[in-house]
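Novice: Need coordinates for the below:
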Amino acid sequence: MKSTELGVQRLAIDPAAAVDLRAKLRQDPQTGVKQAAQQFEGMLLNLMLKSMRDASSGGGLLDSEQSRFFTAIGDQQLAQGLAAQAPLGFAGLIEKQLSRQMSPATGDTASSTIDALQQSLLSQYLRRLPAATPGTAGAQRATGVPAAASTAGTSPGARGFVDRVWPHATEAAAVTGVPAHFLVAHSALESGWGKHEIRAADGSPSFNLFGVKAGRSWSGPSVEVQTTEFVNGEARPVRARFRVYASYSEAFRDYGTLLSKNPRFSGIIGQQDGTQFARSLQQAGYATDPMYADKLARIINGKALRQALAA
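Specialist: Next up, the predicted model:
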């Protein structure tokens, strides 16, 4: 991402960009809204670039998972640069809509408004992408997973869950180098597709979709609930404290930071194979369930996620 008003060039995968934008929204809402609108146009341009690359045959001499990863990062940077020139004109329209919705709101309200609008508009954009042509080599949807032959049997719960978390998963994917749909699958496993999200005693949401515990290093709010841990392969009920977030966006940011900053999860960063991603999480001790990797791999490679992403 880049901040053209300050003249500062930033990497598209800079994890501090979202934090800085939220700070700008609190300090100077109008300027923050302008930057948010520009970044959203960059997201749309990036999806367009990705859909065009996915429609190409690929398979060149230098084609590999690593080259595709760095190409994707380059496309993100290019998209943000193009967005600064507003070639589609979406940024201006989004800025006007956000300005109407946030006035005379505080910066915090503007930030939550942007989260909601980003989720809604990105979901609508993904739904309008043309389906991949059957039989075309390398043809994929913008989500990066093979398009389903039919979405008639898509679970409304799974589809709604994906719609809610997808924009935040893409941000975490940029930080970890892991495909966004892997992260969606992980949050689906831990939260039961959002149906079994950890809640406080009063029923308020924790937004903790990844079952991240509140250890000694955690200084934020937490909630204690009963969970299940496996000891010597046997499931046992235990009480444990879990982190509480202010939003799904915050939950995905913390999750991305956990994977990218903790050496324990170094083998996960940049992982492009879904089954290996699941195994690496289990090997790193993310969960004690001996079947954890198998359960996660089944979601990543399963029909429910494919159809929800393609819907």
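
Novice: use CA for all of it now, contacts and neighbours both
Specialist: Noted.

Novice: other SSEs contacting the strand or helix carrying residue 35?
Specialist: Using DSSP states H and E, residue 35 sits in helix 29-54. With contacts taken as 3 or more CA pairs under 8 Å, 6 or more residues apart in numbering; DSSP states H and E, helix 29-54 sits against helix 16-27, helix 65-83, helix 90-102, helix 107-128.

Novice: I'd like the mean pLDDT over the first one, please.
Specialist: In other words, helix 16-27. For helix 16-27, mean pLDDT rounds to 60.

Novice: can you check the longest one too?
Specialist: Averaging pLDDT along helix 107-128 yields 48.

Novice: Which of the helices and strands in the protein ranks last by mean pLDDT?
Specialist: strand 2-3 (a mean of 40; mean pLDDT, DSSP states H and E).

Novice: What ranges in this protein fall below the confidence cut-off?
Specialist: The chain contains residues with pLDDT under 70 at 1-26, 29-30, 32-33, 51, 53-70, 83-91, 94-95, 97-155, 311.

Novice: give me phi/psi at residue 262?
Specialist: phi -90, psi 120 (degrees, to the nearest 10).

Novice: Output stretch 256-269 as CSV - backbone C-alpha positions only.
Specialist: Taking Å, rounded to 0.1, in the frame of the first residue of the first chain, the C-alpha atoms of stretch 256-269 are listed here in CSV:
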residue,chain,number,x,y,z
GLY,A,256,-1.6,-13.1,11.1
THR,A,257,0.8,-11.6,13.6
LEU,A,258,0.9,-14.8,15.6
LEU,A,259,1.8,-16.9,12.6
SER,A,260,4.3,-14.5,11.0
LYS,A,261,6.1,-13.3,14.2
ASN,A,262,6.2,-16.5,16.3
PRO,A,263,9.2,-18.7,15.3
ARG,A,264,7.2,-21.7,16.3
PHE,A,265,5.1,-21.2,13.2
SER,A,266,7.9,-20.4,10.7
GLY,A,267,7.2,-23.5,8.7
ILE,A,268,3.7,-22.2,7.9
ILE,A,269,4.7,-18.9,6.4
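
Novice: Buried ones in that stretch, by neighbour count?
Specialist: Within stretch 256-269, the residues that count as buried by 16 or more other CA atoms under 10 Å are 256, 259-260, 265-269.

Novice: next one: stretch 213-232
Specialist: Quick answer for stretch 213-232 (16+ other CA under 10 Å): 213-214, 222-224, 229.

Novice: Widest-spaced pair of the residues you listed?
Specialist: Among the buried residues of stretch 213-232, the pair separated by the greatest distance (CA to CA) is 222 and 229, at 18.7 Å.

Novice: quick one: contacts for residue 210?
Specialist: By CA atoms under 8 Å, 6 or more residues apart in numbering, the residues touching residue 210 are 186-187, 190-191, 251, 255.

Novice: And residue 257, by the same measure?
Specialist: When contacts are counted by CA under 8 Å, 6+ apart, residue 257 touches residue 175.

Novice: Which element, helix or strand, includes it?
Specialist: helix 248-261.

Novice: same check, this time on residue 308
Specialist: For residue 308, the enclosing helix or strand under DSSP H and E is helix 303-310.

Novice: buried ones in that helix?
Specialist: 304-310.

Novice: which among these gets closest to residue 156?
Specialist: residue 308 (8.2 Å).

Novice: Can you give me the distance of the closest residue in space to that closest one that isn't next to it in sequence to residue 297?
Specialist: Distance criterion CA to CA, 6 or more residues apart in numbering; nearest residue to residue 308, sequence neighbours excluded, is residue 159 at 4.4 Å. For residue 159, the distance to residue 297 equals 19 Å [CA to CA, to the nearest Å].

Novice: cool, and residue 226?
Specialist: On the measure of CA to CA, residue 226 and residue 297 end up 25 Å apart.

Novice: what do you get for residue 173?
Specialist: In terms of CA to CA, residue 173 sits 17 Å off from residue 297.

Novice: what do you get for residue 288?
Specialist: 16 Å.

Novice: can you map out the helices along the stretch 151-300 of the chain?
Specialist: Using DSSP state H, counting those that start in this stretch, the helices of the stretch 151-300 of the chain run over 156-176, 180-191, 248-261, 274-283, 292-300.

Novice: Would you map out the domains in the chain?
Specialist: What automatic domain parsing lists as the domains of the chain is 1-142, 155-311.

Novice: Show me which residues of stretch 31-49 are buried.
Specialist: For stretch 31-49, using 16+ other CA under 10 Å, the buried residues are 32-49.

Novice: what does stretch 268-285 give?
Specialist: Applying 16+ other CA under 10 Å to stretch 268-285 flags 268-275, 277-283 as buried.

Novice: tell me which of those is nearest to residue 92?
Specialist: Of these, the one sitting nearest to residue 92 (CA to CA) turns out to be residue 270, at 34.4 Å.
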